[in-house]
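Novice: Please work out how this folds:
(chains A and B)
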Amino acid sequence: MRTSFGKPSPPSEDRRWKIIGATMRRHGYQPHALIETLHTVQESFGFVGEDAFHYVADSLRIPLSHVYGVATFYHFFNLKPQGEHTCVVCTGTACYIKGASLILQAIEDEYGIKPGETSDDGKLSVLTARCIGACGIAPAVVFDGEIVGGVSATDAVNRIRRCLQK
Amino acid sequence: MNPSIRVKTFKIDDRDVSAREDETILAVARQNGIFIPSLCYMDGLTPIGACRLCMVEIKGSTKLFASCVTRVEEGIEVITNSKRLQKYRLRILEFLFSERNHICSVCVSNGHCELQSMADQLGLTHVRVPYRYPIQPVDATHERFVVDHNRCILCARCVRVCDEIEGAHTWDIMGRGVEARVITDLNKPWGESESCTNCSKCVHVCPTGALSEKGKSTAEMKKKQQFLPYLTWIREGRT
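Specialist: Got it, this is the predicted structure:
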């Protein structure tokens, strides 16, 4: 929460804060630039951390709880750092019917992590998405940004193993 | 009165009423002593049409309208009570009761809870959907108040009173759907909130036992809401 007058300064010397500052400046520090700014934060850091919440809220003149509410409303924003590798399982209607839950179960059995969690060694994050728009190739899974269709539970585990070996 | 604001005449339950064009159906009904159930609506706060209890029918339309956010129109005929509306209202209450753990007998607001009295008034005798019994936290970190998420119906009165009247906006709602929850600041314990001014407005506008004062018994925990019309009235006089 803002406790002094004047322009808020970035949380650290990290150059990535400059990019976030630029996004806010481009929108004239208007409160409606919130989602756009959160996008930039996520692109730059991979997640929206507490220091980012404070910096963005103070710069755009938005209450902290409101910023937090917006960030948690959209599944897109991660509030914790993600693992080195990510695996996004689509749980939209088509993928769900084609067995997305079996894929998630297989991953949980193999690596012990549920959707939204990151493995203890910080190597792998498992996420879900409500329809990634690839219903034709259901069930679809995104491994490190690469969309793969028609994935079986064993396929998924094998692919993750390959990703982790890279 | 601003002369550019026109007056509209229309009917509520076959009674002729007139109102300024910027008024809502619910406000006009209340002025005329016509009862429309509501939970999230509160005089003095911006209506948000969240609870859907105040839905009414308008003749000529199959749609239902949340009367707290629907402006009056010339010549409309509003129906505030029908078989269909009763059915929907009861269903909404059933969902509210089954969504969290509303156990009246052990609630600090037993006997002066708006959810409880609304259920009583609308004749809710039983809940036909299974209870969810979610595990919800209770935050008693604040030195004077407690937030019990088991009793929260997400009416957002606390959010609005904190933002609009107190001006602190300590409260907001995080998440969505069944996972939505009221939060203070960055979802931190209330006691650690830096923006909270300990004014207790949120506690007193809360319709249920979700927000209460510490150390108060059921008999003592009556909500005092007189500050809201007073502050609104004083502020209107200043502009």
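
Novice: any idea which helix or strand comes after the longest helix seen in chain B?
Specialist: When chain B is parsed with DSSP state H, its longest helix is helix B:83-99. As assigned by DSSP states H and E, the chain's next helix or strand after helix B:83-99 is helix B:114-121.

Novice: tell me the angle that next one makes with helix B:83-99.
Specialist: In terms of direction (axes from the mean of the first three to the mean of the last three C-alpha atoms, to 10 degrees), helix B:114-121 departs from helix B:83-99 by 140 degrees.

Novice: In chain B, what helix or strand scores lowest on average pLDDT?
Specialist: Of all the helices and strands that make up chain B, helix B:227-238 has the lowest average by mean pLDDT, DSSP states H and E, namely a mean of 91.

Novice: From residue A:39, how far out is the residue nearest the centre of chain B?
Specialist: Residue closest to the mean C-alpha point of chain B, counted by C-alpha atoms, centre = their mean, is residue B:40 at 1.7 Å. Using C-beta to C-beta, to the nearest Å, one gets 31 Å for the distance from residue B:40 to residue A:39. Any C-beta I mention is one placed from the backbone N, CA and C, and that applies to glycine too.

Novice: Kindly report the domain assignment for chain A.
Specialist: What automatic domain parsing lists as the domains of chain A is A:16-73, A:85-165.

Novice: out of these, which comes closest to chain B?
Specialist: Nearest of those to chain B, taken as C-beta to the nearest C-beta: domain A:16-73 at 3.5 Å.

Novice: Can you tell me the element the most centrally placed residue in chain A falls in?
Specialist: Nearest to the mean C-alpha position of chain A, counting by C-alpha atoms, centre = their mean, stands residue A:78 at 3.6 Å. For residue A:78, there is no host helix or strand (DSSP H and E).

Novice: pretty sure the residue nearest to the centre of chain B is touching residue B:46, no?
Specialist: No. The criterion here is C-beta atoms under 8 Å, and residue B:40 misses it with residue B:46 at 10.7 Å.

Novice: Spell out the residue ranges of the helices in the chain.
Specialist: This is for chain A. A:16-26, A:34-45, A:50-60, A:64-73, A:93-97, A:100-111, A:153-165.

Novice: wait, chain B
Specialist: Assigned by DSSP H, the helices in chain B fall at B:25-31, B:83-99, B:114-121, B:157-160, B:201-205, B:227-238.

Novice: show me where chain B has strands.
Specialist: Per DSSP state E, chain B carries strands over the ranges B:7-12, B:15-20, B:55-58, B:64-66, B:77-79, B:138-139, B:145-148, B:171-174, B:181-184, B:211-213.

Novice: Looking at these, spot the one closest to chain A.
Specialist: In terms of C-beta to the nearest C-beta, the element of these nearest to chain A is strand B:171-174, at 3.6 Å.

Novice: counting contacts, what elements does the closest one pack onto?
Specialist: helix A:64-73, helix B:157-160, strand B:181-184 (3 or more C-beta pairs under 8 Å, 6 or more residues apart in numbering or on different chains; DSSP states H and E).

Novice: Average pLDDT for the last one, rounded please.
Specialist: Mean per-residue pLDDT for strand B:181-184: 97.

Novice: which other residues reach it?
Specialist: Residues from elsewhere that reach strand B:181-184 (C-beta atoms under 8 Å, 6 or more residues apart in numbering or on different chains): A:65, A:68-69, B:147, B:149, B:152, B:154, B:156, B:158-159, B:170-175, B:190, B:193, B:195-196, B:210.

Novice: try the longest one
Specialist: The list of residues contacting helix A:64-73 from outside it, by C-beta under 8 Å, 6+ apart, reads A:1, A:34-35, A:38, A:48, A:53-54, A:56-57, A:77, A:79, B:169-176, B:183-187, B:195.

Novice: ok, 6 Å please
Specialist: A:1, A:34, A:38, A:48, A:53, A:57, A:77, B:172-176, B:183, B:185-187 (C-beta atoms under 6 Å, 6 or more residues apart in numbering or on different chains).

Novice: swap in the second one?
Specialist: By C-beta under 6 Å, 6+ apart, the list of residues contacting helix B:157-160 from outside reads B:42, B:45, B:171-172, B:202, B:205-206.

Novice: How about stretch B:201-216?
Specialist: The contact list for stretch B:201-216 (C-beta under 6 Å, 6+ apart) reads B:39, B:107-109, B:113-115, B:144-148, B:151-152, B:157-158, B:161-162, B:165-166, B:221, B:223-225.
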